[in-house]
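Participant: next one to model:
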Amino acid sequence: MSGRLTITQLAKKVGQGHKLTMLTAYDYPLASLVDEAGIDMILVGDSLGMVVLGYEDTLAVTMDDMVRHTQAVVRGAKRALVVADLPFLSYQTSVEDAVRNSGRLLQEGGAQAVKLEGGFHMLPAIEKLVASGIPVMGHLGLTPQSVNQMGGFAIQGREAQGAQRILEEALAIQEAGAFSLVLEGVPWQLAQLVTDKLTIPTIGIGAGPHCSGQVLVTYDILGLFDRFTPKFVKEYANLRETIGTALVAYREDVLSGSFPAQEHSFSMKQEQLELLGGEHE
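Facilitator: Okay, here's the model as predicted:
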C-alpha cells in the first residue's frame, strides 16, 4: 500500500478543521525536501517556466517540459499528493486535447491529479476528465496563462460584478467534479465567501487567510527567485545570498590553491607509483 495522500484524505483533513499545505517543486531534490517537511500537496507548476527555465511568463512551457519535471518530482516525493499543471494550449483547444494531455501527466509523469485554469468555458473539459478518472484542481482569479488578456498580473474580483462571476464559476467547477480549487490574486473577502459556499477545499495564493489551504512557489519562500517578489509571499530564508556566498568561497579556494586539499584527493600505492617512475611529494 502506498503512503501517498489521496484527495479523499485531504478532504477529510479539511472536514476535521485542518488547513492544507501546498508548495511547488520542479525536480527530485526539492521535491524530496518538500515531502520530508510534511507538505500535503506538491504542485509541479508551469511557474517552472519563469523560476527554472528563465522565461518572462508561463506561456512557453510545453507538455514535454511538464512531463519531464513531473517525473522528477514524483521520484522525489513519497507522501505528498502530486498535482501537475496543464500548460498553455494543452487543454484550451478541445476536450480531447485536455484528456490526452492530462493522461500524459498521469501515465508518463506519474502525477495523481492535474490543475487547469479557467471558469465556465472549462466545464466540459473538467467533466470529461473527472469522468475519465482524472482528479482535477481548478484555478480561478488571477490566471497566469491569461496574463495577456488580463492586461498583466492584476488582482481579480475587486468589483462586485467580477467577484460574482468568480463565485458562480467556483460553484460550477465544483459541480463539474473538481476536487479542489485554487484562488489566486483575489480579495480576501471574496476568497472567504467562496470558501464558505463550497464543499470542496480552496487553496489560496494571494487570497488571504480564510481558504482551506495555501500554496506558494517554493523558490519565492526560499529567496531563490529575485526577479520580483509578490506582495503575498513571505520569505522564510534567503538562500540566494547563502548560495552566492558559498560559490564565491569555492572560486576563491580554487584560485588560492586551498581546494582541493589532501583530504579531498585520492592516492596510489607507492609501489605502483614507482612503476610509473614517480614519487610521493
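Participant: pLDDT below threshold where in the chain?
Facilitator: 1-2, 148, 150-152, 278-281 (pLDDT under 70).
Participant: for it, what spans make up the strands?
Facilitator: Along the chain, counting by DSSP state E, strands occupy 20-24, 41-44, 81-85, 113-115, 136-141, 180-184, 202-205, 213-216.
Participant: mind putting those in CSV, mean neighbour count included?
Facilitator: Backbone N, C-alpha and C define where each C-beta goes, glycine included. Output for the strands of the chain, formatted as CSV (neighbours: other C-beta atoms under 10 Å):
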stretch, mean neighbour count
strand 20-24, 24
strand 41-44, 30
strand 81-85, 28
strand 113-115, 26
strand 136-141, 28
strand 180-184, 28
strand 202-205, 27
strand 213-216, 23
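Participant: looking at these, which is closest to residue 250?
Facilitator: Closest to residue 250 of these, according to C-beta to C-beta: strand 20-24, at 27.8 Å.
Participant: ok, that closest one: who's next to it in the sheet?
Facilitator: Note on strand 20-24: by DSSP bridges, its sheet partners are strand 41-44 (parallel), strand 213-216 (parallel).
Participant: export that strand to PDB, keeping only CA atoms.
Facilitator: In PDB, the C-alpha atoms belonging to strand 20-24 read as follows (Å, rounded to 0.1, in the frame of the first residue of the first chain):
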ATOM      1  CA  LEU A  20      -3.900  22.100   3.800                       C
ATOM      2  CA  THR A  21      -0.400  22.900   2.800                       C
ATOM      3  CA  MET A  22       0.900  23.000  -0.800                       C
ATOM      4  CA  LEU A  23       4.200  24.100  -2.400                       C
ATOM      5  CA  THR A  24       5.700  23.900  -5.800                       C
END
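Participant: from the chain's centroid, how far away is that strand?
Facilitator: Centre-to-centre, strand 20-24 and its host chain are 8 Å apart (C-alpha atoms, centre = their mean, to the nearest Å).
Participant: residue 21 against residue 41, yeah?
Facilitator: Yes - counting by C-beta atoms under 8 Å, residue 21 touches residue 41, with 7.3 Å between them.
Participant: hey, what's in contact with both of these two?
Facilitator: residue 213 (C-beta atoms under 8 Å, 6 or more residues apart in numbering).
Participant: now the helices for the stretch 51-200 of the chain?
Facilitator: Applying DSSP state H, counting those that start in this stretch to the stretch 51-200 of the chain gives helices spanning 63-76, 95-107, 123-131, 147-150, 160-176, 188-197.
Participant: residue 16: which of the ones you listed is closest?
Facilitator: With C-beta to C-beta, the closest approach to residue 16 among those belongs to helix 188-197: 15.8 Å.
Participant: enumerate the positions of the closest one that are buried.
Facilitator: 190-195 (16 or more other C-beta atoms under 10 Å).
Participant: can you list these in TSV and add distance to residue 211?
Facilitator: Below are the buried residues of helix 188-197 laid out as TSV (distance: C-beta to C-beta, whole Å):
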residue	distance to residue 211
190	11
191	5
192	8
193	11
194	8
195	5
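Participant: what number of residues lie near residue 71?
Facilitator: By other C-beta atoms under 10 Å, 18 other residues sit near residue 71.
Participant: ignore what I typed, I meant residue 67.
Facilitator: A count of nearby residues for residue 67, using other C-beta under 10 Å, gives 19.
Participant: then residue 13?
Facilitator: Residues within reach of residue 13, counting by other C-beta under 10 Å, total 17.
Participant: returning to that earlier point: with distance to residue 127 added, can I get the strands of the chain in CSV?
Facilitator: Listed next are the strands of the chain as CSV, based on distance: least, C-beta to C-beta, whole Å:
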stretch, distance to residue 127
strand 20-24, 24
strand 41-44, 22
strand 81-85, 19
strand 113-115, 14
strand 136-141, 9
strand 180-184, 15
strand 202-205, 20
strand 213-216, 24
